[in-house]
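J.: Test case, fold it:
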Amino acid sequence: MIENIAPLSAELLTSADVALRQQIRIEDNETDQDTVIDGFCAAARQKIETLTGQRMLTQGVRVTLPSWPKIGENLPIAPIQEISEV
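T.: Numbers count the residues shown, from 1 in each chain. Next up, the predicted model:
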């Protein structure tokens, strides 16, 4: 089981991104949909992370395994920067 224990400091992509606003053809002064766009960006990142097992941003997570991993068995997420507790 993978559990997020520390919130992200920022999303990878947000409604403030100029290239994103140009791509989806939203002017800078059109801010009424920013919350929806931010939600879509977060959902897309989460889906990619779930499908690939790769984290796109530094995150604090707790991984609970049913048993001690066998030699050569990989953890269910990557990349790993630090292991703070076993």
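J.: contact partners of the longest helix along the chain?
T.: Looking only at the chain and at elements set by DSSP state H, the helix with the highest residue count is helix 34-52. With contacts defined as Cβ atoms under 8 Å, 6 or more residues apart in numbering, helix 34-52 is touched by 11-16, 20, 24, 26, 54-57. Every residue, glycine included, has its C-beta placed from N, CA and C.
J.: Helices along the chain, start to end?
T.: 18-23, 34-52.
J.: Looking at these, spot the one closest to Ala78.
T.: Taking Cβ to Cβ as the criterion, Ala78 comes closest to helix 34-52 out of these, the separation being 8.8 Å.
J.: isn't Ile26 right next to Gln33, touching?
T.: Yes. Using Cβ atoms under 8 Å, Ile26 and Gln33 qualify as a contacting pair, with a distance of 6.9 Å.
J.: Which of the two has more residues huddled nearby?
T.: Comparing Ile26 with Gln33 by neighbour count (other Cβ atoms under 10 Å), the higher total belongs to Ile26, at 16 against 12.
J.: Run a quick neighbour tally on Ile37.
T.: 19.
J.: separation between it and Pro66?
T.: 39 Å (Cβ to Cβ, to the nearest Å).
J.: And Glu27, how far from Arg21?
T.: Applying Cβ to Cβ, the value for Glu27 to Arg21 is 7 Å.
J.: who has more neighbours, those two?
T.: Arg21 (16 against 8).
J.: Nearest spatial neighbour of the more buried one, chain-adjacent residues omitted?
T.: Sequence neighbours aside, Asp28 is the residue nearest to Arg21 in space, at 6.7 Å (criterion: Cβ to Cβ, 6 or more residues apart in numbering).
J.: I'd guessed the one you found sits against Gln22; true?
T.: No. Under the criterion of Cβ under 8 Å, Asp28 is not in contact with Gln22, lying 9.9 Å apart.
J.: so who does Arg62 touch?
T.: Shown here is Arg62, whose contacts under the criterion Cβ under 8 Å, 6+ apart are 2-3, 5.
J.: All set, thanks.
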